[in-house]
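Any chance you could fold what I've pasted below:
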Amino acid sequence: MKFNTKTIHGGQKPDAAYGAVMPPIYQTSTYAQSTPGGHKGFEYSRSGNPTRQALEQAFASLENGNYGLAFGSGLAAIDAVLKLLKPGDEVVSTSDIYGGTYRLFTKIFEDFGIVFHFIGMENADIIEDYINSNTKLIWVETPTNPLLNIIDIGAVAKIANKHHILLAVDNTFATPYLQQPLDLGADIVMHSATKYLGGHSDLVMGALVVKDKDLADRLCFIQRASGAICGPQDSFLALRGIKTLHVRMQRHCENASVVATYLEQHPKIEHVYWPGFKNHPNHDIAKLQMSGFGGMLSFTTKGNNYKEAIKIVENLKVFTLAESLGGVESLAGHPASMTHASIPREEREKLGVVDSLIRLSVGIEDEADLIADLEQAIG
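Residues are numbered from 1 along each chain as shown. From the prediction side, this is the model:
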């Protein structure tokens, strides 16, 4: 089944009760049993819910996995992955990652004795310098948030396999429409389904997809035991969003290309971070492992001017100044004071997350209106 068809039908079948084409919202906490332990596959909605199960099957189908899990948020999904570890275990992580992931790693799991090494992975070979007998997980985000750095998933997978280490990839920015990490050798794919998978800025959700049954069983146990599940209403909304993922992503990519090109030529803009440019680091790898360059980009103003950056985001009218990304509407953010504020300033600036950096989630509006909005805001 081709991807565009999977978004509509992948992992799905009409509801068994009445043939409903869309999975119904099973708004229930518990299920009747004919005898103790005798039920029709569901007993309590923390352990399983028919609407959530349909969504989890859709997640697995999109990523060419065998098992999908849906969580109450992207961070809840990451939390479940980290709970596979024990005190003393070590993680090698992409340095340029979402601020919430960094906060979870350093403010929660470091206190439980997990050791993290944050490194630039644009050259995958450097990872081996940080691997030892305690290393149990490599955490990759590509394209990264917010600098759109590209990491060679296949190359990292070879290193992880060589050392018998789990490889998890945050695929939120690319989505399975553009990139499928399991096919490139990853063990776990994570999504903040709040973003492109839901696609309409009306839910908060996380997803994990794996191929291996033993790994799936361990993660399912953590999901049930910790209880960070999503509800049936949000599951229904995510299922609805997925059905248009392919057409939305096509327009996101088209519009982002136009916006990136405009900004690159603007005299008041210092640098534009977008993997579609030939001079973008690892552009050739992006071409190989992605089928397009996505709807995200970032840029800096001339002279790293903080006040100028704030003026721009405050003056935007079509782009909305807001957290999050991946919705049909265009959003603008200031990572240093918003999404990445939890990372110490010195660490942020080492990575390139400077005070003048603006991140755009380019929506599916008419490209002419987006350019006009940027033109009036930048001046």
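
pLDDT on stretch 94-110, on average?
Here stretch 94-110 scores 95 as its mean pLDDT.

right, I mislabeled it, should have said stretch 190-203
The model assigns stretch 190-203 a mean pLDDT of 98.

for the helix or strand harbouring V140, packing partners?
Following DSSP states H and E, one finds V140 within strand 135-141. Applying 3 or more CB pairs under 8 Å, 6 or more residues apart in numbering; DSSP states H and E, we find strand 135-141 packed against strand 90-94, helix 153-162, strand 166-170. Where you see a C-beta, it was placed from the backbone N, CA and C, and this is true even at glycine.

how about these, which one is nearest P50?
Nearest of the helices and strands packed on strand 135-141 to P50, taken as CB to CB: strand 166-170 at 27.8 Å.

And the closest one, how far out from the chain middle?
Here the centre of strand 166-170 is set off from its chain's centre by 12 Å, with CA atoms, centre = their mean, to the nearest Å.

Give me the average confidence score over it.
So the average pLDDT for strand 166-170 ends up being 98.

Check which helices and strands it is in contact with.
Using 3+ CB pairs under 8 Å, 6+ apart: strand 166-170 touches strand 135-141, helix 153-162, strand 188-192.

between those, which gets nearest to S235?
strand 188-192 (14.0 Å).

Tell me which residue is most central in this structure.
Closest to where the C-alpha atoms of the chain average out (CA atoms, centre = their mean) is T172, at 1.8 Å.

my read: that residue touches H191, true?
Yes: using CB atoms under 8 Å, T172 is in contact with H191, at 5.3 Å.

Show me the common contact partners of those two, please.
Residues touching both T172 and H191 by CB atoms under 8 Å, 6 or more residues apart in numbering: G74.

quick one: the residue nearest to the centre of the chain from A207, how far?
9 Å (CB to CB, to the nearest Å).

who touches both of the two?
Contact with both T172 and A207 is made by residues 74, 190-191, according to CB under 8 Å, 6+ apart.

show me where the chain has strands.
Using DSSP state E, the strands of the chain run over residues 67-71, 90-94, 115-119, 135-141, 166-170, 188-192, 206-210, 269-273, 296-301, 320-321, 331-333, 357-361.

In TSV: these, plus mean neighbour count and distance to R348.
Listed next are the strands of the chain as TSV, based on neighbours: other CB atoms under 10 Å; distance: least, CB to CB, whole Å:
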stretch	mean neighbour count	distance to R348
strand 67-71	25	27
strand 90-94	24	14
strand 115-119	17	12
strand 135-141	23	15
strand 166-170	25	18
strand 188-192	30	20
strand 206-210	28	24
strand 269-273	19	15
strand 296-301	24	13
strand 320-321	16	19
strand 331-333	22	14
strand 357-361	26	9
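
related to what we said a few turns ago, quick one, which of the helices and strands packed on strand 166-170 gets closest to A309.
Comparing those by CB to CB, strand 135-141 comes nearest, at 23.2 Å.

Direction included, what does that closest one pair against?
strand 90-94 (parallel), strand 166-170 (parallel) (DSSP bridges).

domain parsing for the protein?
3-242, 246-378 (automatic domain parsing).

Can you get me a residue count around L325?
A count of nearby residues for L325, using other CB atoms under 10 Å, gives 26.

partner residues bridging the residue nearest to it when sequence neighbours are not counted?
Distance criterion CB to CB, 6 or more residues apart in numbering; nearest residue to L325, sequence neighbours excluded, is S361 at 3.5 Å. With DSSP bridges as the criterion, the beta-bridge partners of S361 are M296, L331.

Distance-wise, check S361 relative to H9.
In terms of CB to CB, S361 sits 28 Å off from H9.

what number of residues lie near R46?
Counted with other CB under 10 Å, R46 comes out at 15.

shouldn't it be in contact with R224?
Yes: with contacts counted by CB under 8 Å, R46 reaches R224, the gap being 6.5 Å.

how about G333, what does it touch?
Contacts of G333 (CB under 8 Å, 6+ apart): 146, 313, 321-323, 325, 339, 358-361.

Report the lowest-confidence entry in those.
T339 (82).

Now do the contacts for that residue.
Taking CB under 8 Å, 6+ apart as the test, what T339 contacts is 98-100, 145-146, 323, 333, 359.

buried subset of the residues you listed?
98-100, 145-146, 333, 359 (16 or more other CB atoms under 10 Å).

could I get those residues as CSV with distance to A238?
Listed next are those as CSV, based on distance: CB to CB, whole Å:
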residue, distance to A238
Y98, 19
G99, 24
G100, 19
N145, 20
P146, 24
G333, 22
R359, 23
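
What is the most widely separated pair among those?
Maximum distance among the buried ones among the contacts of T339 (CB to CB): 14.2 Å, for G100 and R359.

With respect to L84, which of the shared contacts of T172 and A207 is nearest?
M190 (12.5 Å).

quick one: that closest one and I114, what's the gap?
17 Å.

same question, D214
21 Å.

How about I312?
Where I114 is concerned, I312 sits at a distance of 39 Å (CB to CB).

Please say which of those two ends up with more neighbours.
I312 (24 against 21).

Which residue is the nearest non-sequential neighbour of that one?
A377 (5.0 Å).

So for M296, which of the strands paired with strand 135-141 sits nearest?
Here strand 166-170 is closest among those (CB to CB), at 12.8 Å.

what's the burial count for Q265?
9.
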